[in-house]
Each structure stands twice: as C-alpha cells, then as structure tokens.
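Asker: Next comes the sequence, and after it the predicted model I'd like to discuss.
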Amino acid sequence: MRPLLTVALLCLLFVGRESLAQAAPNVVRPLQEIGVFRVSAMWRVSNGELIPSAIEPYDYRVLSNGERIELELVDGDSKRISFAVYRAGTRMIVEDGLDGIATAEALLASSKDDGTLRQVVLTPKMLRITRMPVNSMDIIVIEAHKVPAKNKNTPSS
C-alpha cells in the first residue's frame, strides 16, 4: 500500500509543477542593472582581415532579466537596444595569459533590426557586440569592459 501512496503523491506533485510551469510564461521578470560597460575597442573584419578602428570611449548601461539584455547609452538619449537571450550559462574563455586559461559564464543574445544582425556576449566583466550589416561583407566587433562601481560612502573631493 505504501508504494502506491508514494506514486500517487509524486503524480500530484508532478501535475502541480506542470500547472505552475504553464502559468510562468506570462510572468515578466523585471530588468536589473548589470553595470556600466566602457566601449574601448572596435574592429572591422573585412576580407578575413581584422582592422582596428579609432573610437572615442563611451559607456553603455547594461540591464538584463535573463531573458533579454538591454543596452542604453549613459550620456545619450534613453533609447534602449534590446537583445533576446538564446543561451545562458555558457562558459567563455576570457583570458589566456601566463596563469593559464580563465573562463566565465556568459549570456548570449541576438537581435535583427533593419536587416542588421547583432549578437551580444555578456560576461560579468566584458561585453562584446558583433554587427553584421545586411548590405555589407564587413563585420563590426565592439568590445567593452565593466567600469568599477563608484563607492557612495567615499567622500567626494
């Protein structure tokens, strides 16, 4: 009799989880600020050649809820660029130095606006945006690194 009771309880728990999972897609999780990332490098890939481009550094505020990533310029208009996350928890190589290879978990996201495909790789310390314009054979790669948060307890001079 006990095994039958255990099976019945497990079935009830399973059915309860199913109904909770069906209700969950309607819940929109709020965006949380990940941090500010400073764009410091840009390259163009053309005919298999990596060509560095000179840029003035600028900052993106990065927000995410695990389902999408949004970027907005810190000193610009409040328009946000949104990317749908298609893979979370991927391990990425972030350093290959004297101490060996270091990895970090990353979110991978993409968007397609006006025919331009954009892909984002976001780790705790780095943001990389790859743009593939529709009418060009070139690929644009932008890299940004997280700006340390200012300590609010530090007196200003």
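Answerer: Nice, thanks for sending it over. What you are looking at is a predicted structure, and each value in this text was computed from that prediction instead of being measured. Numbering: from 1, shown residues only.
Asker: Might you report the residue contacts of the most centrally placed residue in the chain?
Answerer: Here the mean C-alpha position of the chain is nearest to the C-alpha of L122 (Cα atoms, centre = their mean), at a distance of 3.8 Å. The contact partners of L122, taken as Cβ atoms under 8 Å, 6 or more residues apart in numbering, are I34, V62, S64, I69, A106, L107, A109. Where you see a C-beta, it was placed from the backbone N, CA and C, and this is true even at glycine.
Asker: so what's it bridging to?
Answerer: Beta-bridge partners recorded for L122 (DSSP bridges): L107, L127.
Asker: how near is it to I101?
Answerer: Distance, L122 to I101, by Cβ to Cβ, to the nearest Å: 20 Å.
Asker: next one: S78
Answerer: Counting by Cβ to Cβ, the separation of S78 from I101 is 39 Å.
Asker: Quick check: pLDDT value at the residue nearest to the centre of the chain.
Answerer: For L122, the model assigns a pLDDT of 93.
Asker: mind checking how far it is from N135?
Answerer: Counting by Cβ to Cβ, the gap between L122 and N135 amounts to 27 Å.
Asker: Likewise for A109?
Answerer: Between A109 and N135 the distance, using Cβ to Cβ, works out to 23 Å.
Asker: higher neighbour count, those two?
Answerer: Each of A109 and N135 had its neighbours counted (other Cβ atoms under 10 Å), and the higher figure belongs to A109 (23 against 6).
Asker: What are the contacting residues of whichever strand or helix holds the more buried one?
Answerer: Remark: A109 resides in strand 100-113, with elements defined by DSSP states H and E. The list of residues contacting strand 100-113 from outside it, by Cβ under 8 Å, 6+ apart, reads 64, 66, 68-69, 81-96, 117-126.
Asker: PyMOL command for the buried members of those residues?
Answerer: Typed into PyMOL, the next command selects the buried ones out of those (criterion: 16 or more other Cβ atoms under 10 Å):
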select buried, resi 64+68+69+83+85+92+94+118+119+120+121+122+123+126
